[in-house]
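Undergrad: Turn this into a structure:
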Amino acid sequence: MVHRRSIQEAETLMPLLQAIALEIKDRRLSISKLRKLKNDLSLKASRISPEGFQSSLAEIDKKLEIHQRGLDNAIAELRALGLSLHSIQPIIIHIPGLHQGEKVVFCWEERFHVLEDPQLSDTMQALDSVE
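TA: All right, here's what the predicted structure looks like:
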């Protein structure tokens, strides 16, 4: 049975959701950077010794595994609270709720204060200046 929270109960979760979301965001960013590094390394493989390439690749894979495990743990923590991760980018967390006797879903959504993609950030600044 799904535990449905009142809006007041959902609001008390906000500090915890923000902490979990920060963990997800940090892991997501690290995984993205490591995947790019792995891709760049693969493109430069011809200029690296086979041993150096394999060693670097193994180190990146080890770090990717650590960050993926951390991401999985954060998602498991949400599930343990009876919540679900609807999207990872942007992070959207669904909170089963009850409002005026009706079943609802409250949502917590990540807001981009500092955008991770510099090109997107420039685009958003340009759009902001147009408004």
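
Undergrad: The residue located most distally from the centre of the chain and Lys38, how far apart?
TA: Centroid-distance maximum for the chain: Ser49 at 34.6 Å, with C-alpha atoms, centre = their mean. Distance of Ser49 to Lys38, computed by C-beta to C-beta, to the nearest Å: 17 Å. No exception for glycine: its C-beta is placed from N, CA and C like everyone else's.

Undergrad: and what of Leu71?
TA: Counting by C-beta to C-beta, the gap from Leu71 to Lys38 is 17 Å.

Undergrad: For Lys62, the count of nearby residues, please.
TA: Counted with other C-beta atoms under 10 Å, the burial measure for Lys62 works out to 10 neighbours.

Undergrad: one step back: between Leu71 and Lys38, who's got more neighbours?
TA: Leu71 (20 against 17).

Undergrad: Count the residues that sit near Ile91.
TA: The tally of other residues near Ile91 (other C-beta under 10 Å) stands at 21.

Undergrad: Can you give me every residue that contacts it?
TA: 21, 24-25, 85, 108-110 (C-beta atoms under 8 Å, 6 or more residues apart in numbering).

Undergrad: same thing but 7 Å
TA: 21, 24-25, 110 (C-beta atoms under 7 Å, 6 or more residues apart in numbering).

Undergrad: Determine which two of those residues are furthest apart.
TA: Greatest spacing in the contacts of Ile91, by C-beta to C-beta: Ile24 and Glu110 (8.4 Å).

Undergrad: what about the protein, any weak spots by pLDDT?
TA: For the chain, residues meeting the criterion pLDDT under 70 lie at 112-131.

Undergrad: in it, which spans are strands?
TA: Using DSSP state E, the strands of the chain run over 84-88, 91-99, 102-109.

Undergrad: Tell me which of those is the most buried.
TA: strand 91-99 (a mean of 18; mean count of other C-beta atoms under 10 Å).
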